[in-house]
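Engineer: Below are the sequence and a predicted model for it; my questions follow.
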Amino acid sequence: MAAVLLLLSFRSPAQFLQRSTLGMGGSVNTFTAGNKAYLVSQSVGQASVIGTFRQAAYAVGQGYQQAPGQILVRPVSKALDVAIYPNPVSTYITIQLRENVQTAIRVALIDITGTLVYQETQATAATFAVDMSPLAPGVYLLRLTTGRKSFAARIIKN
């Protein structure tokens, strides 16, 4: 009887039981809100992120996807196929769409300080021009957006 009591009272501090779950379930879905498309991916049972990369309002998780209570959301963006010329420009820059566009095109020019210096909405014309003659010489960012597609290029004004 003494041997049984001795075995029951012996315990090793180096060993313990830990409850854990490993899940392999999850899914990826696309949804549209306003005029933007988003991918939402989720996993079940994974509790940490190996690495997270952030830029502006977007985050990309590497390895395990989802920490408790978080969902990774990233916009789906597609490049608009565009040719612009001449660059450098002194007066008018020509914008030629190399694909069929069904919605209006938003055109924006942003100067080196981040100030919006020109903005307009163009019809779905295949080719149009932007008058840059009133602008000071320098470097500008041309941004075109239509539907879910966008295009950006650096323009040098002489």
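Structural biologist: Thanks, I have it. Remember, it's a predicted structure, so these values are computed and weren't measured experimentally.

Engineer: residue boundaries of the strands in the protein?
Structural biologist: Ranges of strands within the chain are 26-33, 36-43, 51-55, 58-62, 72-76, 78-79, 82-85, 92-97, 105-111, 116-122, 127-131, 138-146, 149-157, based on DSSP state E.

Engineer: Go ahead and confirm residue 124 touches residue 147.
Structural biologist: No. Between residue 124 and residue 147 there is no contact under C-beta atoms under 8 Å: 10.4 Å. To be clear about C-beta, it is placed using only N, CA and C from the backbone, and glycine gets the same treatment.

Engineer: Domains in this structure, by residue range?
Structural biologist: Domain assignment for the chain, taken from automatic domain parsing, gives 26-76, 78-157.

Engineer: Which of the ones you listed has the lowest mean pLDDT?
Structural biologist: For these, mean pLDDT drops lowest on domain 26-76, to a mean of 58.

Engineer: and for residue 124 and residue 147, which residues touch both?
Structural biologist: Common neighbours of residue 124 and residue 147 (criterion: C-beta atoms under 8 Å, 6 or more residues apart in numbering): 101, 102, 103.

Engineer: Leaving out chain neighbours, which residue sits closest to the last one?
Structural biologist: Read it as residue 103. With sequence-adjacent residues excluded and distances taken as C-beta to C-beta, 6 or more residues apart in numbering, residue 103 is closest to residue 147, at 4.7 Å.

Engineer: In contact with that neighbour, which residues?
Structural biologist: Contacts for residue 147 (C-beta under 8 Å, 6+ apart) come out as 35, 101, 102, 103.

Engineer: Most widely separated two among those residues?
Structural biologist: Using C-beta to C-beta, the two most remote members of the contacts of residue 147 are 35 and 101, lying 13.5 Å apart.

Engineer: Looking at these two, which is more packed in?
Structural biologist: Neighbours were counted for residue 35 and for residue 101 using other C-beta atoms under 10 Å; residue 101 has more, 20 against 10.

Engineer: Was I right to think that one contacts residue 146?
Structural biologist: Yes. Between residue 101 and residue 146 there is a contact under C-beta under 8 Å: 5.2 Å.
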